[in-house]
Each structure stands twice: as C-alpha cells, then as structure tokens.
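Novice: Take a look and give me a structure for this.
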Amino acid sequence: MAIYEYVCPDCGSFDVRLPMGTAPPSRGCPACERDAPRLFSPPNLSRVHPVLSAALDREERSREAPAVVSGPPPRRSPRPPHPASARLPRP
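Specialist: Purely as a prediction, here's the structure:
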C-alpha cells in the first residue's frame, strides 16, 4: 500500500492509502466531494527523523555561509576500559 496526496482547492490536502500504481490523477475530496488533483511529492520526506532533518538544514545553510573554524576541537578525555574486557583472553 502506498500513500497518495491530493489537494482540494477548498479544504486543503488529504492522504489516501491505495495499492501502488492504482492512484487516479484526481479524486473526490472526503469533506466537500469536490474534485481534487493528485500532488506529486517525494516519498516519505515529510516524515524525516528530527536528527536527519537538522543535519539537512545545517548542510543547506553551510552552502551559502560556511562556518569558520578558529581551531581544532577540544580533546576528549579517554574512556575507561569496559569491565568485561578484563575477562577476554590475551595473546
């Protein structure tokens, strides 16, 4: 099943779940029954994970005004070894 988006001139957009490849070019609006044309949109991009969305926004902004780096990032303190690693066989 695929989700197809239609736009009613009066009521706005609505989604319809249909088998893939069976969506008509227009469909009646569920609220007002007026003919609504199908809207072609990229699949699943409206439901992007927030972390990915933030990364894409940051990448888009950096095209025009890249961030200026004044020095290397601060060093992180080393992590202590995991307690289970002490029980591993050593060569």
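Novice: Roughly how far does Ala23 sit from Ile3?
Specialist: Using Cβ to Cβ, to the nearest Å, Ala23 is found at 10 Å from Ile3. Using the backbone N, CA and C atoms, a C-beta is placed for each residue, glycine as well.
Novice: Quick check: neighbours shared by the two?
Specialist: A shared contact of Ala23 and Ile3, defined by Cβ atoms under 8 Å, 6 or more residues apart in numbering, is any residue touching both; here these are Val16.
Novice: what sits against the residue positioned nearest the centre of the chain?
Specialist: A centroid search over the chain (Cα atoms, centre = their mean) returns Val48, at 1.7 Å, as the residue closest to the centre. Applying Cβ under 8 Å, 6+ apart, we find Val48 in contact with Leu56.
Novice: Report the rounded mean pLDDT for stretch 80-89.
Specialist: Model confidence over stretch 80-89 averages 87 on the pLDDT scale.
Novice: what distance separates that stretch from the middle of the whole chain?
Specialist: 39 Å (Cα atoms, centre = their mean, to the nearest Å).
Novice: Show me the contact partners of the least confident helix or strand in the chain by mean pLDDT.
Specialist: Within the chain, confidence by mean pLDDT, DSSP states H and E is lowest for helix 50-64 among all helices and strands, at a mean of 87. Contacts made with helix 50-64 from outside it, assessed by Cβ under 8 Å, 6+ apart, are listed as Val48.
Novice: what do you get for stretch 20-38?
Specialist: For stretch 20-38, contacts defined as Cβ under 8 Å, 6+ apart pick out 1-2, 4-11, 14, 16.
Novice: List the buried residues of that stretch.
Specialist: Residues of stretch 20-38 classed as buried by neighbour count (16 or more other Cβ atoms under 10 Å): 23, 27, 29, 36.
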